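**Q** curious how this folds, go ahead:
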Amino acid sequence: MTYLGIDIGTSGVKALLIDRDGRALGEAHEGAALVVVGFIAAHLLALVWHERRDGVPVAQAMISGYQYRSESEVTGEHVAR
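**A** Residues are numbered from 1 along each chain as shown. Here you go, the predicted model:
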C-alpha cells in the first residue's frame with residue numbers, strides 16, 4: 001500500500017508517494033501528470049479513429065460548435081461496417 005506524504009525542505013514543499021516501508025516512490029504530481037498525458041493521448045487517438053470511421057469532422061465540430069452529420073444520418077440509411 002502506498003501513502004501520500006509531504007516533504008517540507010529547503011527547496012519547498014513536495015507531495016510524495018511513500019510505500020509501507022517509508023521509502024519515497026516519487027513525487028505525486030509526476031505520476032498524476034503521466035495519467036493526464038495518457039488520457040489526452042487516448043482522446044486524440046479516439047478523435048482520429050472516429051473521424052476516419054464515420055467520415056465526420058469531429059475536431060472541426062468541437063471548434064465551430066456545428067454538428068456535422070454523415071450522409072447515412074441525413075438520409076436515414078443504415079450502413080453496415
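**Q** show me where pLDDT drops low in the chain?
**A** 1-14, 24-29, 70-74, 76-81 (pLDDT under 70).
**Q** ranges for the helices of it?
**A** Here the chain has its helices, by DSSP state H, at 28-54, 58-64, 71-75.
**Q** residue 19 is nearest to which of the ones you listed?
**A** Distance to residue 19, taken as C-beta to C-beta, is lowest for helix 28-54 among those, at 13.0 Å. Yep, even glycine has a C-beta here, placed from its N, CA and C like the rest.
**Q** same for that closest one, what does it pack against?
**A** Where contact means 3 or more C-beta pairs under 8 Å, 6 or more residues apart in numbering; DSSP states H and E, helix 28-54 is packed against strand 12-19, helix 58-64.
**Q** any idea how far residue 17 is from the closest residue to residue 69 other than its chain neighbours?
**A** Distances taken as C-beta to C-beta, 6 or more residues apart in numbering put residue 56 closest to residue 69, at 7.0 Å, once the chain neighbours are dropped. Counting by C-beta to C-beta, to the nearest Å, the gap from residue 56 to residue 17 is 42 Å.
**Q** my guess is the residue nearest to residue 69 contacts residue 62, does it?
**A** No. Using C-beta atoms under 8 Å, residue 56 and residue 62 do not qualify as a contacting pair, with a distance of 11.4 Å.
**Q** compare the two (neighbour count), which wins?
**A** More neighbours surround residue 56 than the other of residue 56 and residue 62, with 15 against 11 (other C-beta atoms under 10 Å).
**Q** next up, phi/psi of the more buried one, please.
**A** Residue 56 has phi and psi values of phi -110, psi 130 when expressed as degrees, to the nearest 10.
**Q** how many neighbours does residue 50 have?
**A** Residue 50 has 13 nearby residues by other C-beta under 10 Å.
**Q** just checking, it touches residue 61?
**A** No. Assessed by C-beta under 8 Å, residue 50 is found out of contact with residue 61, at 10.6 Å.
**Q** understood, closing this out.
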